[in-house]
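**Q** Here's my sequence, what's the structure:
(one chain, ligands or ions: 1)
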Amino acid sequence: MNLSGYDAFDDPYAYKGTHVLKNKLGLRDTAALESFELEMSNSRATEALPDGDYDPRHYREVHRHLFQDVYRWAGKYRTVRTSKDSNPFCFPEHIPNEMNLLFEALRTDCLPSEDASSFLASAAAFLAELNAIHPFREGNGRAQLAFMHLVGLRAGFPFDFSRAKSDTFLAAMIASYHGDLTPLVTELRALLT
Ligand SMILES: Nc1ncnc2c1ncn2[C@@H]1O[C@H](COP(=O)(O)OP(=O)(O)OP(=O)(O)O)[C@@H](O)[C@H]1O
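**A** Numbering: from 1, shown residues only. The predicted model follows:
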């Protein structure tokens, strides 16, 4: 059984013969690692998130900030192929290029912020693509929401992700992976403050 939630192959991130990710505390138990990861990332999320230029470096810094206490590779792109429920994410050799392309659009156009609907459509498309790239070995979901929080603030449409309903939000993310952005727009709209 893959306890990390990913379908990964010959995972150099895990302790040999297990699916437990190597971590700074040396925890070998999945439940203990999950609770340590949750506690530390929640605690880091209450601190100011790193400033940046809304580029891939900024995104990596947000991930590094959240997971710096747990993983040595926090903020670094993964080097293995991953998928969830048989949905494959970007192959690692393409991650840097795909991230540069995605964030170039974010930097030059910003996301349209003249009205909520056009912002939400662009925000959903950006988040869907970010998830399809899935640049880190773990912690993508939390980095995504922390970063979208910053994106919303910058555009003048702040999100309150504490209100997100995990089951419908996850279903919307999976639909977005398959190209249907409508549920994700609905979810994001409900989180505008
Ligand atoms: N089957 C799937 N297809 C596409 N995306 C998925 C699938 N299952 C989950 N996701 C997305 O993957 C992200 C979670 O990735 P990951 O497990 O690396 O992050 P996490 O922060 O450790 O976990 P979580 O977001 O559950 O706290 C979320 O955005 C989620 O919506």
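**Q** the helices in this structure, which residues?
**A** Taking DSSP state H to define them, one finds helices in the chain at 30-45, 56-67, 95-109, 116-133, 140-155, 166-177, 182-191.
**Q** Are the fifth one and the ligand in contact anywhere?
**A** Yes - under the criterion of C-beta under 6 Å from any ligand atom, helix 140-155 makes contact with the ligand via N140, G141, R142, Q144. Placement of C-beta: from N, CA and C, glycine included.
**Q** How about residues contacting stretch 51-68?
**A** 37, 40-41, 44-45, 47, 49-50, 74-77, 96, 99-100, 103, 106-107, 130, 135-136, 138-139, 142-143, 146-147, 150-151, 154 (C-beta atoms under 8 Å, 6 or more residues apart in numbering).
**Q** Put the buried members of those into a PyMOL selection.
**A** To isolate the buried subset of the contacts of stretch 51-68 in PyMOL, counting by 16 or more other C-beta atoms under 10 Å, use the following:
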select buried, resi 37+40+41+44+45+49+50+74+75+77+99+103+106+130+135+136+138+139+142+143+146+147+150+151
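**Q** In a markdown table, list the residues of helix 140-155 next to the ligand along with pLDDT.
**A** Converted to a markdown table, those look like this (pLDDT from 0 to 100):
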| residue | pLDDT |
| --- | --- |
| N140 | 98 |
| G141 | 98 |
| R142 | 97 |
| Q144 | 98 |
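**Q** Good, we can wrap up now.
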